[in-house]
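**Q** structure, please.
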Amino acid sequence: MQRLFFYMNTSIRVGVVIPAAGKGIRFGSKIPKQFLLLHNEPVLIHTLRHFENHQLVSDIVVVTSEDSLNDTEKLLHQFNIAKVRDVVIGGKERQVSVYNGCLAILKYSPDTIMVHDAVRPCINADLIGRLILEAKNNLAVVPVLSVKDTIGEIDENGKLMKYYSREHTRIIQTPQVFNANILLHAFALAFEQNYYNTDESSLVQRSGVSISTIDGVAENIKITTEEDLEIASNYLRKIL
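**A** Here you go, the predicted structure:
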């Protein structure tokens, strides 16, 4: 009931960018991971539906490859994902793809931009809501998980060089949530300096803005391998 009260008093406009232009090369499938089926629906649709159904999300932009543009638009129509305002073409780098999506979502005047991997279909409404509420008081927020194993850095020969404290190490997930102006400034600075990274929060931090964190959820895995697909299928089976 308390969470519902906070939702009712949240006046920020939230736009969501879903980068879905990946080829899934590491997965080893001829079909991009976002189009693989989970319980008879594409991974992308499972992911989008969480944001489609969330009361704090206003607008969604999907970023896809040129080859997948028509298929993506057909899926959105088939599964009635109505909050997707635009489907735009991505670039060779994730950073370019997300930037293109941010430019498209700006047309709908979001206060906050949320970026979420298309291949994380087990996100839930509670995490989305907690991130948005946290973003009311912070310029940048990401969900994180504690690290259970020892983490080490290796050199090019596979030799361990450095160990990291589990106490101060976290796994960073998406959705990542940012003040819209802050995120666009971070992109502009990165491109100006020819700096590329696959994580939006790293760009924002590099621009001089501190990143706040909240607890993520273990189920919110990124599908990278066939094993991940099976794990995601098991998670979704519990709630479908």
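**Q** can you list the low-confidence ranges for this protein?
**A** 1-10, 24-29 (pLDDT under 70).
**Q** hey, where'd the helices end up in it?
**A** Assigned helices in the chain, in chain order: 2-8, 43-52, 69-78, 94-105, 125-135, 180-192, 200-206, 226-239 (criterion: DSSP state H).
**Q** for the fifth one, give me every contacting residue.
**A** Pointing back at helix 125-135 there. Applying Cβ atoms under 8 Å, 6 or more residues apart in numbering, the contact partners of helix 125-135 are 3, 6-7, 10, 12, 14, 50-51, 53-54, 56-57, 112, 114, 141, 143, 175, 177-179, 212, 214, 216-217, 220. To be clear about C-beta, it is placed using only N, CA and C from the backbone, and glycine gets the same treatment.
**Q** what's the answer for the last one, then?
**A** By Cβ under 8 Å, 6+ apart, the list of residues contacting helix 226-239 from outside reads 27-28, 33, 36, 38-39, 43, 46, 121-122, 219, 221-223.
**Q** among these, name the buried ones.
**A** When those are checked for burial by 16 or more other Cβ atoms under 10 Å, the buried set is 27, 33, 36, 38, 43, 46, 121-122, 219, 221-223.
**Q** just those now: which is nearest N80?
**A** H46 (14.0 Å; Cβ to Cβ).
**Q** the closest one - nearest residue in space that isn't next to it in sequence?
**A** Computed as Cβ to Cβ, 6 or more residues apart in numbering, the closest residue to H46 that is not its neighbour in sequence is P121, at 3.7 Å.
**Q** give the contact list for that neighbour.
**A** Residues counted as contacts of P121 (Cβ under 8 Å, 6+ apart) are 38, 43-44, 46-47, 50, 223, 232, 236.
**Q** mind checking the end-to-end distance for stretch 188-201?
**A** One end of stretch 188-201 to the other measures 14 Å (Cα to Cα, to the nearest Å).
**Q** show me what contacts the most centrally placed residue in the chain?
**A** For the chain, the residue nearest the mean C-alpha position is H116 (1.4 Å; Cα atoms, centre = their mean). Residues near H116 by Cβ under 8 Å, 6+ apart: 16-18, 47, 51, 123, 174-176.
**Q** restricted to strands, list the residues you listed.
**A** 16-18, 176 (DSSP state E).
**Q** export those as CSV, with columns for neighbour count and distance to Q95.
**A** Output for the ones in strands among the contacts of H116, formatted as CSV (neighbours: other Cβ atoms under 10 Å; distance: Cβ to Cβ, whole Å):
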residue, neighbour count, distance to Q95
V16, 28, 18
V17, 29, 12
I18, 28, 15
Q176, 26, 13
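**Q** in those, find the pair that's most separated.
**A** Maximum distance among these (Cβ to Cβ): 12.2 Å, for I18 and Q176.
**Q** identify the contacts common to those two.
**A** What both I18 and Q176 touch, as defined by Cβ under 8 Å, 6+ apart, is the set 115-116.
**Q** run through who's touching stretch 143-156.
**A** With Cβ under 8 Å, 6+ apart, stretch 143-156 has contacts from 127, 131, 160-164, 166, 169-176, 213-218, 220.
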